[in-house]
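Chemist: need the 3D shape of this:
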Amino acid sequence: MIEGCQEYPSVTSDSARGNGSILPLTVERIEGWFRRRTEEQATRELDIRLEERRKERARIARDLHDTLLQGLFGASMLLDAALSETPADSLSKPLLSRAVSLMRAAIEEGRNTLHELQVPAATSQSLEQSLAEIGDQLTHGGPRFRIFVKGTPKPLDAAVQQQVYLIGREALVNALRHAEATRIEVEIEYLSNRVRVIVRDNGTGINHEVLQLERDSHWGLVGMTERAKNIGGQLRVWSKRGSGTEVEISVADRFDAKA
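Modeler: Coordinates of the predicted model:
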């Protein structure tokens, strides 16, 4: 025995004496360590992707505001001036009026996109509060809207909550703008290891071809799918022409431990 070193019984010698519990325990501890390392690595990689996405969204928002929207504002002012100076009986009057209307619609769409890009990663509101607020705003005086929660609400990781909120918001907008729904429901379910959000409506539904190929930009299916993928979630869209649409986003447990 080397001087200054303490002798420990080896696994082999313990097993030889009939103690067969050490080796399985050691293997279990090693496997547990690797599982934790894998989970921690996956969480770090997801955090990195979300942070990169947040920075990219902020850059796009700045570029959109400083270039495209400013250009549209300038062009809109020129069109308004030209329209006001055009005689009422001019053949170009209706064309200019139509151009002004299209320009205003483009500006409004740009503002909506800018607002979406600038949604903060952190918010003091819960997921159900945020979705209830946007639902009430979008359906005010129109379709019937309700939201209900199952399970015990838990504070989500801020970055994950942001993406889930945006998916739910997109589904609500689709139900109003494209599906002509008269009834919209949002269901939020907090499970032991994940959270599920379901947005369902009684609108016109989506064509089967569009649903399968996810090519219709008006429905934003591609965008919702990408958002779900970026947070490690699963997106399911069920729809049938004339029977409404149901959008479900399910995300594994990443609740905010600080809350």
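Chemist: going forward, measure contacts between C-alpha atoms and count neighbours the same way
Modeler: OK.
Chemist: can you give me the helices for the stretch 51-200 of the chain?
Modeler: For the stretch 51-200 of the chain, applying DSSP state H, counting those that start in this stretch gives helices covering 70-85, 93-117, 127-139, 158-177.
Chemist: check contacts around the residue sitting nearest the centre point of the chain.
Modeler: With distances taken as C-alpha atoms, centre = their mean, the chain has Gln163 as the residue nearest its mean C-alpha position (2.6 Å). Residues near Gln163 by C-alpha atoms under 8 Å, 6 or more residues apart in numbering: Arg227, Ala228, Ile231.
Chemist: what's the pLDDT at it?
Modeler: Looking at Gln163, its pLDDT stands at 88.
Chemist: likewise Ser90?
Modeler: 89.
Chemist: how many other residues sit next to it?
Modeler: A total of 9 residues lie near Ser90 under the criterion other C-alpha atoms under 10 Å.
Chemist: what's next to stretch 187-201, contact-wise?
Modeler: 128, 147-154, 164, 168, 171-172, 175, 181-186, 244-254.
Chemist: which ones among the residues you listed map onto strands?
Modeler: Counting by DSSP state E, those place 147-150, 183-186, 245-252 in strands.
Chemist: the contacts of Gln163 into CSV, with extra columns for neighbour count, secondary structure and distance to Val100?
Modeler: As requested, the contacts of Gln163 are arranged in CSV below (neighbours: other C-alpha atoms under 10 Å; DSSP: H, G, I helix; E, B strand; the rest coil; distance: C-alpha to C-alpha, whole Å):
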residue, neighbour count, secondary structure, distance to Val100
Arg227, 22, helix, 34
Ala228, 21, helix, 37
Ile231, 22, coil, 40
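Chemist: out of those, which is nearest to Arg57?
Modeler: Closest approach between the contacts of Gln163 and Arg57, by C-alpha to C-alpha: Arg227, at 12.4 Å.
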